[in-house]
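1. model the following, please.
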Amino acid sequence: MILFGDYHTHTRYSRHNHGKGTILENASVAMNKGLKQIAITDHGFNHLLFGVKRKEIRLVKEDLLNAKEVTGVDILLGVEANLIGLDGSIDVNFEDFEFLDILLLGHHKFVKPQTRSDFNKLILANAFGSPYKPSKDRLNRNTTAFLKALDKYPIDIITHLNYGCPTDTLAVAKMAKEKGTFIELNGKRINFTDEELITMANEGVKFIVNSDAHSPQNVGECNNALNTIFRLDLPLSQIVNVDKLPKFSSKRGIN
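-> Residues are numbered from 1 along each chain as shown. So this is what the prediction gives:
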């Protein structure tokens, strides 16, 4: 199995030293490891601690183009958006798509929500609720929020699904399949049971392997995900960036 691209990497644009390296450093590591393509996907604008600033996106783009020229690695500009509302709202506006090549979505703490109700029922409830035995109401709220986001936005990848925000995994995965969205197999953590992964694969869900690198040396480091694929004998035809480059099907027409 050869990893062709890594589509979840962070840089110093994820503020307060959350991301450790520059775009050029990420791209240089990718080049040395033989990756053909990466994405720079710093945290979304409503992340109170680590979010990239909207006014810096043009600078990100300039750095990206320079790194692409120096290394020869194809680099996509993205953002790891945050779910900020139970109605599926995220912290990326449709005007932002002018600058973006790829859109990721994940749940994070320390995010500015859309309303006080969203703060109580989405942010606080998941921050302090059990990750293993969520109440039926919380599970339904989380799942519905993701389903609405998938229906509302051209999301390319759902990152670390169920991390800090448990959902009905199969329901989200089925909607992702319908919308042409890939479910991430994260290089750091996989929050699915083996049974859930096998069931998703049997449903024809497509997966993407990403490092979620916050330091340049971790770009392309996805052994946790690759070992899971090998161990469960998941079909390589459904892993979109192993032995091939993915074809993103968002409304922005990336490919």
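2. now do G129, the pLDDT please.
-> Note on G129: pLDDT of 89.
3. okay but it is in contact with S135, surely?
-> Yes - under the criterion of Cβ atoms under 8 Å, G129 makes contact with S135 at 7.2 Å. Bear in mind the C-beta positions are built from the backbone N, C-alpha and C, glycine included.
4. which of those two has more residues huddled nearby?
-> G129 (17 against 12; other Cβ atoms under 10 Å).
5. what ranges do the strands span in the protein?
-> For the chain, applying DSSP state E gives strands covering 5-9, 37-43, 74-82, 102-106, 157-158, 182-186, 207-210.
6. need those in TSV (columns: distance to N241 and mean neighbour count).
-> Below are these laid out as TSV (distance: least, Cβ to Cβ, whole Å; neighbours: other Cβ atoms under 10 Å):
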stretch	distance to N241	mean neighbour count
strand 5-9	5	27
strand 37-43	8	27
strand 74-82	12	24
strand 102-106	12	26
strand 157-158	10	26
strand 182-186	9	24
strand 207-210	5	28
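7. for those strands, which one sits closest to N140?
-> With distances scored as Cβ to Cβ, the stretch of the strands of the chain nearest to N140 is strand 157-158 (17.7 Å).
8. which strands border the closest one, and is each parallel or antiparallel?
-> strand 102-106 (parallel), strand 182-186 (parallel) (DSSP bridges).
9. can you count the residues close to T71?
-> T71: 20 surrounding residues under other Cβ under 10 Å.
10. hang on, isn't it packed against A27?
-> Yes - using Cβ under 8 Å, T71 is in contact with A27, at 4.4 Å.
11. can the strands of the chain go into JSON lines with extra columns for distance to N17 and mean pLDDT?
-> Output for the strands of the chain, formatted as JSON lines (distance: least, Cβ to Cβ, whole Å; pLDDT from 0 to 100):
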{"stretch": "strand 5-9", "distance to N17": "16", "mean pLDDT": "98"}
{"stretch": "strand 37-43", "distance to N17": "13", "mean pLDDT": "97"}
{"stretch": "strand 74-82", "distance to N17": "17", "mean pLDDT": "96"}
{"stretch": "strand 102-106", "distance to N17": "20", "mean pLDDT": "96"}
{"stretch": "strand 157-158", "distance to N17": "25", "mean pLDDT": "97"}
{"stretch": "strand 182-186", "distance to N17": "21", "mean pLDDT": "96"}
{"stretch": "strand 207-210", "distance to N17": "21", "mean pLDDT": "97"}
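12. ok, which of the ones you listed comes nearest D118?
-> Closest to D118 of the strands of the chain is strand 74-82 (Cβ to Cβ; 11.2 Å).
13. now do the closest one and strand 37-43, the angle between them.
-> In terms of direction (axes from the mean of the first three to the mean of the last three Cα atoms, to 10 degrees), strand 74-82 departs from strand 37-43 by 30 degrees.
14. what angle sits between strand 74-82 and strand 5-9?
-> Per the same axes, to 10 degrees, the angle that strand 74-82 makes with strand 5-9 is 40 degrees.
15. show me what strand 74-82 is packed up against.
-> Judged by 3 or more Cβ pairs under 8 Å, 6 or more residues apart in numbering; DSSP states H and E, strand 74-82 is in contact with strand 5-9, strand 37-43, helix 57-71, strand 102-106.
16. how about a cut-off of 6 Å?
-> Judged by 3 or more Cβ pairs under 6 Å, 6 or more residues apart in numbering; DSSP states H and E, strand 74-82 is in contact with strand 37-43, helix 57-71, strand 102-106.
17. could you dump the second one to CSV, C-alpha only?
-> Included here for helix 57-71 are C-alpha records, laid out as CSV according to Å, rounded to 0.1, in the frame of the first residue of the first chain:
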residue,chain,number,x,y,z
ILE,A,57,-6.0,33.3,4.0
ARG,A,58,-4.3,35.3,1.2
LEU,A,59,-1.0,34.9,3.0
VAL,A,60,-1.6,31.2,3.3
LYS,A,61,-2.2,31.1,-0.5
GLU,A,62,1.0,33.0,-1.2
ASP,A,63,3.1,30.6,1.0
LEU,A,64,1.4,27.6,-0.6
LEU,A,65,2.2,28.7,-4.1
ASN,A,66,5.8,29.3,-3.1
ALA,A,67,6.1,25.9,-1.5
LYS,A,68,4.6,24.2,-4.5
GLU,A,69,7.1,25.9,-6.8
VAL,A,70,10.1,25.0,-4.6
THR,A,71,9.1,21.3,-3.9
